[in-house]
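Visitor: Predicted model follows, preceded by the sequence.
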Amino acid sequence: MPTGLPQTDAKNPRQHFDIYAILEGSQELYFGHEVQVNINLVEMVKLTKTSGESIEKCYLSPTKRKGVERRCLIWSPLKTGELLGDRQKCGIPETCADPKCPICSVYGGLIVGKKTLIGRVTHGGGVAVQELYPVQKQRAMHPSRLASPASGKDETPTPFKREYNQPGMLYPVSNHALSITDAEFAGVAYAFLDSLPRIGSGNPKGVAIAESNQQPLLVLDRYLTPKLKRPIISPSETDPIGAINKFLRLAKGQEDLDYIQQSHFERWIGNAALEKLQAYASQFVDTVLQA
Ligand SMILES: [Zn+2]
């Protein structure tokens, strides 16, 4: 097969799935990017607003989110006491690239010079809404830099600073799955939900799905025909209320529904989307981890 994928059957049809969400930093967050002399920097993006003004924004990069999701699957616990990655002999960066691997079959795999399995889950968004600069904080010295009387060398402790994205920043994000079965999407749903408390480098970590009127800002599409408007927020948007209103308007259109069905297209919004994703995550636990 040119795609490297096994054939499926009419009982397990392949579909496209999209997850759209606005995530909120539950506390300050560090996304390791570059280290300059004695300072760890977070990742920023530069952009020009539609008004022509150039701005810089904090960034929760899609590649970092994808890495955290893959790690959640690798570390997911099996009934036998093993971890899924150990059973599959599938890790980072040494993936197994087995088309039957619940991780590589969707997230892709590579054995250099031998085998490539193209990933069918892609990640987008991540440019923060608010135009807030990261804050620098003094952190404890790295233990390796502490003075050691034994070596006799001058190991004067060096001050060490780290940048943090400020708490409460909103990050519109999206995950897209191309031609995968419901069973394969179950792993994607599990990874998306399980990764939320684990996003960030070092401590602290974690984001929440932001809410509006007690409903999570979350949309799940399952379709063959791409329909309706996609709730994507322009990186030019700097007003959190504006971003939330736009997300809801694009997700719902004129009507206030939490489920929209059209031919070859279904959309779940808010709590309905969360429940649907949680049902897929449970399916992954029951059929892969606890099977
Ligand atoms: Zn694998």
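Guide: Ah, there it is.
Visitor: Distance from the chain centre to the helix or strand bottoming out on mean pLDDT in the chain, please.
Guide: Within the chain, no helix or strand scores below strand 32-36, which has a mean of 75 by mean pLDDT, DSSP states H and E. Distance, stretch centre to chain centre, for strand 32-36: 20 Å (Cα atoms, centre = their mean, to the nearest Å).
Visitor: Does anything pack onto it? Which helices or strands?
Guide: strand 39-42 (3 or more Cβ pairs under 8 Å, 6 or more residues apart in numbering; DSSP states H and E). (C-beta placed from N, C-alpha, C; glycine too.)
Visitor: Run through the neighbouring helices and strands of the strand it packs on.
Guide: strand 32-36, strand 160-164.
Visitor: Using PDB, write out every CA atom in the first one.
Guide: Spelled out, that is strand 32-36. C-alpha atoms of strand 32-36 as PDB (Å, rounded to 0.1, in the frame of the first residue of the first chain):
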ATOM      1  CA  GLY A  32      11.200  25.400  27.000                       C
ATOM      2  CA  HIS A  33      12.500  27.000  23.900                       C
ATOM      3  CA  GLU A  34      16.000  28.600  24.000                       C
ATOM      4  CA  VAL A  35      18.500  29.000  26.700                       C
ATOM      5  CA  GLN A  36      20.500  32.200  26.600                       C
END
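Visitor: neighbours around residue 44, how many?
Guide: Per other Cβ atoms under 10 Å, the neighbour tally for residue 44 reads 16.
Visitor: Could you report the pLDDT at it?
Guide: As predicted, residue 44 sits at a pLDDT of 92.
Visitor: what does the stretch 1-150 of the chain put close to the ion?
Guide: 88, 90, 95-96, 101, 103-104 (Cβ under 5 Å from the ion).
Visitor: and those as TSV, adding neighbour count, secondary structure and pLDDT?
Guide: Output for those, formatted as TSV (neighbours: other Cβ atoms under 10 Å; DSSP: H, G, I helix; E, B strand; the rest coil; pLDDT from 0 to 100):
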residue	neighbour count	secondary structure	pLDDT
88	20	helix	96
90	22	coil	97
95	24	coil	96
96	18	coil	96
101	22	coil	96
103	27	coil	97
104	23	helix	96
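Visitor: For those residues, which two are the farthest from each other?
Guide: Longest distance between any two of these is 9.0 Å, between 88 and 95; criterion Cβ to Cβ.
Visitor: From the ion, how far off is residue 172?
Guide: 30 Å (Cβ to the ion, to the nearest Å).
Visitor: Which strand or helix spans that residue?
Guide: Assigned by DSSP states H and E, residue 172 belongs to strand 170-180.
Visitor: Three-state assignment for whichever residue of the stretch 151-291 of the chain sits closest to the ion, please.
Guide: Per Cβ to the ion, residue 187 is where the stretch 151-291 of the chain lies closest to the ion, at 11.0 Å. For residue 187, the secondary-structure state derived from DSSP: H, G, I helix; E, B strand; the rest coil is helix.
Visitor: again with the one 4 residues further on
Guide: Secondary structure, three-state DSSP: residue 191 is helix.
Visitor: Over to the one 5 residues further on?
Guide: Using three-state DSSP as the criterion, the local structure at residue 196 reads helix.
Visitor: And the most centrally placed residue in the chain, its phi and psi?
Guide: Residue closest to the average C-alpha location in the chain (Cα atoms, centre = their mean): residue 65, at 3.5 Å. The phi and psi values for residue 65, taken as degrees, to the nearest 10, are phi -60, psi -40.
Visitor: quick one: contacts for it?
Guide: Counting by Cβ atoms under 8 Å, 6 or more residues apart in numbering, residue 65 touches 123, 126, 173, 195, 199.
Visitor: if you set the cut-off to 10 Å instead, what comes out?
Guide: Taking Cβ atoms under 10 Å, 6 or more residues apart in numbering, we find residue 65 in contact with 23, 31, 123-126, 171, 173, 175, 191-192, 195-196, 199, 207.
Visitor: Can you tell me how far the residue nearest to residue 83 when sequence neighbours are not counted is from residue 246?
Guide: Computed as Cβ to Cβ, 6 or more residues apart in numbering, the closest residue to residue 83 that is not its neighbour in sequence is residue 75, at 5.5 Å. The gap separating residue 75 from residue 246 is 36 Å, by Cβ to Cβ, to the nearest Å.
Visitor: Give me the more crowded residue out of these two.
Guide: Applying other Cβ under 10 Å to residue 75 and residue 246 shows that residue 246 carries more neighbours, namely 17 against 14.
Visitor: residues in contact with the spatially closest residue to that one that is not a sequence neighbour?
Guide: Spatial nearest neighbour of residue 246, excluding adjacent residues (Cβ to Cβ, 6+ apart): residue 233 at 6.0 Å. The contact partners of residue 233, taken as Cβ under 10 Å, 6+ apart, are 20, 22, 125, 127, 129, 170-174, 217, 242-244, 246-247, 250.
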